[in-house]
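Compute the structure for the input listed below.
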Amino acid sequence: MVQINHSRTEDKEEMPATHRLLYSKSKVYVNPTPYARDNIPGFVAVVKKEGFNPSYLLAWIPEGLLGEKGPDEWNKFMKVERKTAIDEEEDAVLIDPPVSKPEYYAFSVPLSSVYSLIVIPPTLSSWHGTVTINLIYESSLPTLHFHDEESHSLHLPAPSNLPGTYPPSYLPLPSRSSWGGESLISSLRPYGNILRSNLDSTLFLVDPSRADIETHSVVLFADDAVDSILSSSSSPIPVHRRPKPISSSSIGTRRRTSVLHASLASSQTSSSSLLQSFSNITRATRHAAQQILSHPLAKPIVPHLPDPVRSLVNVNGEWSSWVEKGGLGEFESARVYLAKWARIVAEEGERSRMREALPSTSGTAAVEDDSETSSLGIFELIHSTSNLPIPRSTRNTRHPVDKAQWEAWFAKDGRPKVKEDEMKAEVFRRGISPDVRAKVWPYILGILPWDASTGQREQCWEEKRKRYYELYDQWCGVDEVFNRDDVIEERHRIDVDCRRTDRSQPLFASQPSSAIPEHHRSPSMSPNTDDIGAQSPANEHVERLAAVLLTYNFYEQELGYVQGMSDLCAPIYIVMSGDQEMTFWCFVQLMERMKQNFLRDQSGMKKQLLTLQQLLAVMDPQLYRHLESVDGLNLFFCFRWVLIAFKREFVFDDVLRLWEVLWTDYYSSQFVLFVTLAVLESHRDVILRYLVEFDEILKYCNELSMTIELESTVAQAEVLYLSFAQLVADIDRRQKEDAPDKIDGLRRRRSKHPNPQARALPLISENLRELLTHTRS
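The predicted structure follows:
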């Protein structure tokens, strides 16, 4: 790594903030007067001011002012200009902080204070392209004139544009393929949202507001575009609902070329064009597209379309239901729809890639090859400040812990042959086979002691059974308690929740799968039989589940029953095949882990979401800043995920597999936060690109339910945890190296010039350090 440090002087009291030069361009002139003799040459630069939340500066420094600082500073700017790509770590170039000096026309402004750039490329009549910088507070900086024929970086590679991205955020500038203004725009893109206006091709907005995005990203279609599409599609739209045709008086007007039509190949059909421009097309055209894709004549070819395209064939009224039920306007709903479409295409592409990469061999070689080819998300941001290796996931669920493996872990007297930590490690890595899940869960949750004999466990379990029926008998058959006002209120809430929890599972279906003996039947929870007809029908298993929850209400009288607990208890009841006693004690242990989620003041949830916010700031600063810009740092769209441990986000079998991973506490007692972070990381590109309002992110995340793939998510969560642990250890090591040392009780004098990278180290709060512990607070 090339690092150029400031010259050290003993009389300096403290070192100024570190400034890193990211981009430099020479022979950029400011013209104070119309006369060429008064033109002032200089350097335009992009500078990073280091810190926990780094800021970026856009500066122009005249050659005379830079020359006063000596040849070393001059050489730094020339060095950066000669490089076509700068690695912030490997090619770090530290400079003196750029300052604004009006007498030299020099300026240095934060990128966040820039409102727009007016970029005029070179033409035949004007050889020098110009860039004018407009600040937010209605002031402009001196216009910069790029004399590329004099610059050392005349031949720059053209910026790469992704042809598959729609709408394209940046189109090639006309006239010349590469010039100084174009390279400046390209250098600013990694550090801000640069939007080129569709209304004025020379206007580039920097971090535009919602209103600016809507105004300047409108796609301009030809005046007769809608009529031509409708006429060519033979759509059955009634005549009175079609848009009125453009009058003949508009024929002589200038035809407008849309960004959409300019970016699509001529071989593409009108329907695919409509799909790519869904967010900006008119109501009539959207309706026409829906009619075309859903037309009976199109049905024979639909089964032959690729899955992503087939998923875009809407059922009747799907689009209108999105707008009406989503609580968003048409523009916002279209953007969420486009984001969802992009996610479906990306997921299908990832699944196809994984199928192609799936090794044909088995055994150890197959596992190793899987780890090489599996995609575990985006980690370049995590390792931007340190050269730490990216960890690999240890998950391999092809061979879960089955009955034979489980029985092999115990001796004849029931004592285990392996340690409890080893058992939990295997469960975390391999999962549990469904046929042995009911035996393993009581050990993972701590119902039955691990290091004990069969006789000791039976004695322990008998005590728990007696305790359960002591609690059960406090209300069952005791009318003065069962019909007490406060108990009636609890019964009503429990009954309503249980009647709508997991009713698709056979055990809770309206018709019981097996008869229950009379002595095992539970009394009806519904306090008012007159209202039963207005609710979902119950069965004996629904009543028994309600009995478990009412018993817990008497066990945990301070907290009682809170809505959402039925979502946690029902899967346990199903796994335990209706065993009330074991269901109760497993639920008690689960609530010991998750009781903080249900506190009346929500302090537990607030702490977890705050910890998740801090974790996101450390692991993915770009996504953190985006959420901050849309007022989404409350992470309310993650609330349900954390509250009931993704119970409603995965299909039922995946929920069971996820929970047993969380219960092992193999890495962390708060591993659910890393699972949450993994889900966000999986969709970060869609969120950053398409979703610019909090309501849009909330709607998008809510609609992820039942679409999240479990194995890749857990594997990515594991890698995120290991990366976080490495990062914390590396930060602690660096801070220890920079801390003053003591020898023989004497404090060694601290250097006046600490490592400049120390300032960039993120702050690791106590909440974040708790994530590295196995025990629950």
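
And stretch 192-204, what's buried?
By neighbour count on 16 or more other Cβ atoms under 10 Å, the buried set for stretch 192-204 is 192-198, 202-204. For the C-beta atoms, the positions are set from N, CA and C on the backbone; glycine is no exception.

My error: substitute stretch 43-53 in the last question.
43-50.

and if you look at stretch 398-407?
Buried, per 16+ other Cβ under 10 Å, within stretch 398-407: 400-401, 406.

Can you report phi and psi for the nearest residue to residue 646 once chain neighbours are set aside?
Nearest non-adjacent residue to residue 646, counting by Cβ to Cβ, 6 or more residues apart in numbering: residue 658, 6.0 Å away. Main-chain dihedrals, residue 658, degrees, to the nearest 10: phi -70, psi -40.

again, but for the one 4 residues further on
Comment: the main-chain dihedrals of residue 662 come out as phi -60, psi -40, following degrees, to the nearest 10.

returning to what we had before: which of the buried residues of stretch 192-204 fall within strands?
Within the buried residues of stretch 192-204, residues falling in strands by DSSP state E are 194-196, 203-204.

So which of those is the closest to residue 105?
Checking these against residue 105 by Cβ to Cβ gives residue 204 as the nearest, at 22.2 Å.

and that closest one, what does it touch?
By Cβ atoms under 8 Å, 6 or more residues apart in numbering, the residues touching residue 204 are 116-119, 185, 194-197.

change it to 6 Å
117, 119, 194, 196 (Cβ atoms under 6 Å, 6 or more residues apart in numbering).

go on, residue 653?
Going by Cβ under 6 Å, 6+ apart, the list of residues near residue 653 is empty.

and it, what element?
helix 652-663 (DSSP states H and E).

Can you point out the buried residues in that helix?
For helix 652-663, by 16+ other Cβ under 10 Å, it's 654-663.

Next SSE downstream of that helix?
helix 671-682.

same question for the helix or strand following that following helix, mean pLDDT?
Later in the chain than helix 671-682, the nearest helix or strand by DSSP H and E is helix 684-690. The pLDDT scores in helix 684-690 average 90.

packing partners for helix 684-690?
Helix 684-690 sits against helix 330-357, with contacts defined as 3 or more Cβ pairs under 6 Å, 6 or more residues apart in numbering; DSSP states H and E.

Now do the contacts for residue 728.
Each residue near residue 728 by Cβ under 6 Å, 6+ apart is listed here: residue 764.

pLDDT score assigned to it?
90.

How about the backbone phi and psi for it?
Residue 728 adopts backbone torsions of phi -60, psi -40, taken as degrees, to the nearest 10.

List the contacts of the longest strand anywhere in the chain.
Looking across the chain with DSSP E, the single longest strand is strand 19-30. By Cβ under 6 Å, 6+ apart, the surrounding residues in contact with strand 19-30 are 39-49, 77, 80-81, 86, 92-95, 97, 105, 142, 144-147, 150-152, 180, 187.

For residue 580, grab the count of nearby residues.
Taking other Cβ atoms under 10 Å as the neighbour definition, residue 580 ends up with a count of 19.

let me redo that: residue 586
Neighbours of residue 586 (other Cβ under 10 Å): 27.

May I have the secondary structure class of the spatially closest residue to it that is not a sequence neighbour?
Distances taken as Cβ to Cβ, 6+ apart put residue 572 closest to residue 586, at 4.8 Å, once the chain neighbours are dropped. Using DSSP: H, G, I helix; E, B strand; the rest coil, the secondary structure recorded for residue 572 is helix.

dump the residue contacts of residue 572.
Taking Cβ under 6 Å, 6+ apart, we find residue 572 in contact with 583, 586-587.

From residue 64, how far off is it?
Per Cβ to Cβ, to the nearest Å, residue 572 is found 76 Å from residue 64.

sorry, back to before: adding pLDDT, write the buried residues of stretch 398-407 out as CSV.
Below are these laid out as CSV (pLDDT from 0 to 100):
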residue, pLDDT
400, 95
401, 95
406, 95
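
Pick the one among those residues closest to residue 680.
Closest to residue 680, out of all of the buried residues of stretch 398-407 and judged by Cβ to Cβ, is residue 400, at 27.6 Å.

quick one: low-confidence parts of this protein?
Along the chain, the parts satisfying pLDDT under 70 run over 1-16, 84-91, 138, 152-178, 218-388, 510-523, 527-536, 739-760, 775-777.

Show me where it has its strands.
Going by DSSP E, the chain shows strands at 19-30, 40-49, 55-62, 94-95, 107-110, 114-120, 129-135, 144-146, 194-196, 203-206, 742-743, 746-747.

Redo those strands as TSV? Include distance to residue 458.
As requested, the strands of the chain are exported to TSV (distance: least, Cβ to Cβ, whole Å):
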stretch	distance to residue 458
strand 19-30	67
strand 40-49	66
strand 55-62	66
strand 94-95	70
strand 107-110	70
strand 114-120	73
strand 129-135	77
strand 144-146	84
strand 194-196	69
strand 203-206	71
strand 742-743	58
strand 746-747	62
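
Nearest to residue 456 among the buried residues of stretch 192-204?
residue 193 (63.4 Å).

quick one on the thing from earlier: can you put the buried residues of stretch 398-407 in a markdown table and add distance to residue 640?
Below are the buried residues of stretch 398-407 laid out as a markdown table (distance: Cβ to Cβ, whole Å):
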| residue | distance to residue 640 |
| --- | --- |
| 400 | 28 |
| 401 | 30 |
| 406 | 33 |
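
roughly how far apart are residue 98 and residue 59?
Counting by Cβ to Cβ, the gap from residue 98 to residue 59 is 4 Å.

who touches both of the two?
Once Cβ under 6 Å, 6+ apart is applied, the residues that residue 98 and residue 59 both contact turn out to be 47, 108.

and residue 609, how many neighbours?
Using other Cβ under 10 Å: residue 609 sits among 20 other residues.

Skipping adjacent residues, who's closest to it in space?
The shortest distance from residue 609 to any non-neighbouring residue, by Cβ to Cβ, 6+ apart, is to residue 635 (4.9 Å).

Please look at that neighbour and residue 608 and confirm they touch.
No. Contact between residue 635 and residue 608 fails when scored by Cβ atoms under 6 Å: they sit 9.4 Å apart.

Compute the number of surrounding residues for the nearest residue to residue 425 once chain neighbours are set aside.
Take residue 425 and drop its neighbours on the chain: the residue closest to it by Cβ to Cβ, 6+ apart is residue 666, 5.9 Å away. By other Cβ under 10 Å, the residues close to residue 666 number 20.

tell me the contacts of residue 666?
424-425, 428.

cool, and residue 188?
residue 194.

How about the one 5 residues further on?
By Cβ under 6 Å, 6+ apart, the residues touching residue 193 are residue 207.

going forward, begin numbering at 702 instead of 1
All set: I'll call the first residue 702, so the last point we hit is now residue 894.

From residue 915, how far off is it?
Distance from residue 894 to residue 915, by Cβ to Cβ: 14 Å.

before we move on, what about residue 889?
On the measure of Cβ to Cβ, residue 889 and residue 915 end up 22 Å apart.
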